[in-house]
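A.B. asks: Any chance you could fold what I've pasted below:
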Amino acid sequence: MIAIKNEHELQVMRKACKITAAARALAGEMVRPGVSTRSIDRAVHDFIVSQGAKPSFLHYSGYPASVCISVNSTVIHGIPDHYVLKEGDIVSVDVGACYGGFHGDCAATYPCGAVSAEAQKLIDVTKESFFQGIRFATRGNRVSDISHAIQTYVESNGFSVVRDYVGHGVGRQLHEEPEVPNYGEPGHGPRLIPGMTIAVEPMVNMGTYEVRVLKDHWTTVTADGALSAHYENTVLITGGEPEILTVTEGL
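C.D. replies: Purely as a prediction, here's the structure:
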């Protein structure tokens, strides 16, 4: 069942999402050569806790960290460790925070120092595909209208969208109904109505859309070893334009 949030619930969720967005920004600022992924995870954990919130990902289904940090060909769910970032890496940071019983969820891919023109294009197209998608995140449209817009934009730029993982509803649970794919024909799926909160998150590969999961059962990489990028925000469906909740203003 799709949860529709009332105004009180949305006020709490806005706070959770602001904390989440600020945690993403902190992680992004730390992406530079010589910094370990584990140190980013620790800093984000401490920040979220300092805001009176809890890291949504820590121990979620057994996940061992507070942030998913996915480097280069890792698509999602990269586990922070002793890896030290180097010039030319692209680094996807996915973070969630729970405040007052509600979750925020967002992600972005950051260049580490100077990156190749191809890598920068991948980052830029992935982010823009999110905004192309949420043009359709309005009352009366269907979920797949968002999906189709993302896929069309990504593929028109020569990249591919991951099929095995999708966006989702978010609220009292980190993952709620409905699923929000990043591909598909328009006109399918649940209708969008005010009070729905969804995480729209294109995952875009430079090569094939196929992925594989490593032996740790978390780290998901491109099947062909090509680069991947990720961009995500928590979005509220309103009576007018969609509201991006994972913003830092007013924290």
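A.B. asks: what is the rounded mean pLDDT of the biggest helix by length in the chain?
C.D. replies: Assignment by DSSP state H gives helix 7-30 as the longest helix of the chain. Mean pLDDT, computed over helix 7-30, is 98.
A.B. asks: Tell me which helix or strand comes right after that helix.
C.D. replies: For helix 7-30, the following helix or strand on the C-terminal side (DSSP states H and E) is helix 37-50.
A.B. asks: would you put the C-alpha positions of that following helix in CSV?
C.D. replies: Only the C-alpha atoms of helix 37-50 are listed here, as CSV (Å, rounded to 0.1, in the frame of the first residue of the first chain):
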residue,chain,number,x,y,z
THR,A,37,36.1,5.9,1.9
ARG,A,38,36.0,4.8,5.6
SER,A,39,36.9,8.3,6.8
ILE,A,40,34.0,9.7,4.8
ASP,A,41,31.6,7.1,6.3
ARG,A,42,32.7,8.0,9.8
ALA,A,43,32.3,11.8,9.3
VAL,A,44,28.8,11.3,7.8
HIS,A,45,27.8,9.0,10.7
ASP,A,46,29.0,11.5,13.3
PHE,A,47,27.2,14.4,11.5
ILE,A,48,23.9,12.6,11.3
VAL,A,49,24.0,11.6,15.0
SER,A,50,24.9,15.2,15.9
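A.B. asks: Just the residues contacting the helix or strand that it is followed by, thanks.
C.D. replies: Moving toward the C-terminus from helix 37-50, the next helix or strand (DSSP H and E) is strand 54-55. Counting contacts by C-beta atoms under 8 Å, 6 or more residues apart in numbering, the residues outside strand 54-55 that touch it are 44-45, 48-49, 66-67, 95-99. Every residue, glycine included, has its C-beta placed from N, CA and C.
A.B. asks: Now do the buried residues in the longest helix of the chain.
C.D. replies: 9-10, 12-27, 30 (16 or more other C-beta atoms under 10 Å).
A.B. asks: got the buried residues for stretch 111-126?
C.D. replies: 111-112, 115, 119, 121-123, 125-126.
A.B. asks: got a list of what residue 38 touches?
C.D. replies: 80-82.
A.B. asks: From these, pick the one nearest residue 190.
C.D. replies: Closest to residue 190 out of these is residue 80 (34.6 Å), distances taken as C-beta to C-beta.
A.B. asks: Pull the number of nearby residues for the closest one.
C.D. replies: 21 (other C-beta atoms under 10 Å).
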